[in-house]
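>>> attaching a predicted model along with its sequence, questions to come.
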Amino acid sequence: MTVDLNADLGEGFGVWTLGDDDAMLDIVTSANVACGFHAGDPAGLLRVCRAAAQRGVRVGAPGSYRDLARVGRRFIDVAAAELAAQVIYQIGGLSPLAPPPGISWCD
């Protein structure tokens, strides 16, 4: 039996850090990396993706509402098509920064 230990990472923003992403990457097998809608920013996204790749940790985009003020923890009434576009946008932001495990695009 295998267990996928997952955590939400990259939730800092600019000069504000939240949690110890590097320590978590040493114990998880996959990570949801904040893509900037509820938390996170491009530099943090790249940093977490690079660190995850070096450790062989799989990454994914935790699609969320556009809600930096409340970290995505409230309901926002959004049309289904708009919400789908926002999730696709977040996945698109992560995809080029998430190389296969063991490879870093920006060394």
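Received, thanks. All of these numbers come straight from a predicted model, not from anything done at the bench.
>>> pLDDT wise, what is the residue nearest the centre of the chain at?
For the chain, residue 33 is the residue whose C-alpha lies nearest the centre (Cα atoms, centre = their mean; 1.2 Å). Reading off the confidence values, residue 33 has pLDDT 91.
>>> quick check, it in contact with residue 47.
No. Using Cβ atoms under 8 Å, residue 33 is not in contact with residue 47, being 9.7 Å away. Heads up, the C-betas are built off the backbone N, CA and C, glycines and all.
>>> quick check: neighbours shared by these two?
Counting by Cβ atoms under 8 Å, 6 or more residues apart in numbering, the residues touching both residue 33 and residue 47 are residue 10.
>>> pull the contacting residues for the residue nearest to the centre of the chain.
Counted by Cβ under 8 Å, 6+ apart, residue 33 has contacts 9-10, 40, 45, 48-49, 52, 59-62, 94, 98.
>>> what residue ranges in the chain are flagged as low confidence?
70-73, 99-107 (pLDDT under 70).
>>> now residue 63. Nearest residue, chain neighbours left out?
residue 87 (3.7 Å; Cβ to Cβ, 6 or more residues apart in numbering).
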